[in-house]
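Novice: Sequence first, predicted model second:
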Amino acid sequence: MSVRIDPNLAPTLLEAIEQARQQQSQAIEQLASGRSVNRPADNPTAAAALVLNHVQAAQNDQFQRNIAHFQGLFQVADAALNSAVQLMTRAVQLGTQAANGTLSNADRQAIAAELEGIRQQMIGIANTTYQGEYIFAGTAVSTVPFVADSTTPDGVRYQGNAAQNTIMLLNGETMATNLPGNQIFQNPGGNVFGALNQMMTALQTGSDPSGALQSLQAAFAQLNQQRVFYGNALNQLQSANNFLQQENVQLSMQENDLVGIDPAQAASNLVQAETDANAVLSAAGRILNRPTLFDYLS
């Protein structure tokens, strides 16, 4: 009959049982989470690298949220300017008709009335908002940028400013996110409101509209040129967003390399941990049931 030499094996056995229990719990946790590292103590080096990974991912997420916001802004601005270009196309057509000397005075007044309607629509476009802010007011986004004012040469007064809002790009450079309204609609190289007002005045007073027609054509060309800014900005943001998406895929792969675990391997580890735990418990039971040497000496 075998005997136990050490009469007090309980601490050693309890330590072995606790170690087996921890291994079993770890295997269960890894299988449930799909991760080999669930706390820093599991792998301090991998955990530290994972923190940096998450910081970069969080920064990328913030950049993408910013990009989504400004993509929406640029799309609204571009759509607004597209409508403005269509209005100016009609204004140039009307101006061309007006320059035809065969029109009657009634015809000229009718054209002037339609141009007045175009001007009112243009003011509405120039006062377009995005998420409650005026997008053509410079940095004065809470101020209505354009109001009708017959005392001004253009018949419309600009109340915004000439400043631009900017955002930080991935490379640390800044990017303008808007064009001031006066640069778009009252540009010296082609003044939309000034040209409309000039043509209406010519028609209403019976003066020669040929100069006003040239002004409308210049304003039309200038408006198209200003619109290019928003198309280029959208392309630039899309490129930045594509880069971030690729980097996020790389970060995800890196995280999987750091802490990921194969489900089949995790299941195998759990089976092995349970087997080891059962073996320890079985061995402890057998050992504790054996008599010690002191039982024979007493």
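Specialist: Received, thanks.
Novice: Strands along the chain, start to end?
Specialist: Here the chain has its strands, by DSSP state E, at 129-130, 133-134, 146-148, 156-158, 166-168, 174-176, 186-187, 190-191.
Novice: which ones are touching the closest residue to E116 other than its chain neighbours?
Specialist: Spatially, and ignoring its direct neighbours in sequence, E116 is nearest to M200 (6.2 Å; Cβ to Cβ, 6 or more residues apart in numbering). C-betas here are computed from N, CA, C, even on glycine. By Cβ atoms under 8 Å, 6 or more residues apart in numbering, the residues touching M200 are 112, 115-116, 119, 155.
Novice: Which of these has the largest number of neighbours?
Specialist: Among the contacts of M200, L115 has the most neighbours (other Cβ atoms under 10 Å), with 26 neighbours.
Novice: Please name the nearest non-neighbouring residue to that one.
Specialist: Nearest to L115 is M200, by Cβ to Cβ, 6+ apart, at 5.0 Å.
Novice: Please identify the deepest-packed of the strands of the chain.
Specialist: Mean neighbour counts were compared across those using mean count of other Cβ atoms under 10 Å; the top stretch is strand 190-191, at a mean of 22.
Novice: where in this structure is pLDDT low?
Specialist: Low-confidence segments of the chain (pLDDT under 70): 1-42, 171, 255-298.
Novice: Please compute how far the longest helix seen in it lies from its chain's middle.
Specialist: The residue-count maximum for a helix in the chain (DSSP state H) belongs to helix 44-98. For helix 44-98, the separation from the chain centroid amounts to 8 Å (computed by Cα atoms, centre = their mean, to the nearest Å).
Novice: now stretch 106-115
Specialist: 46 Å.
Novice: ok, and what's touching it?
Specialist: 91, 94, 97-98, 103, 196, 199-200, 203-204, 206.
Novice: just the buried members of the residues you listed?
Specialist: 91, 94, 97-98, 103, 196, 199-200, 203 (16 or more other Cβ atoms under 10 Å).
Novice: Would you check which pair of those residues lies furthest apart?
Specialist: L103 and L196 (18.1 Å; Cβ to Cβ).
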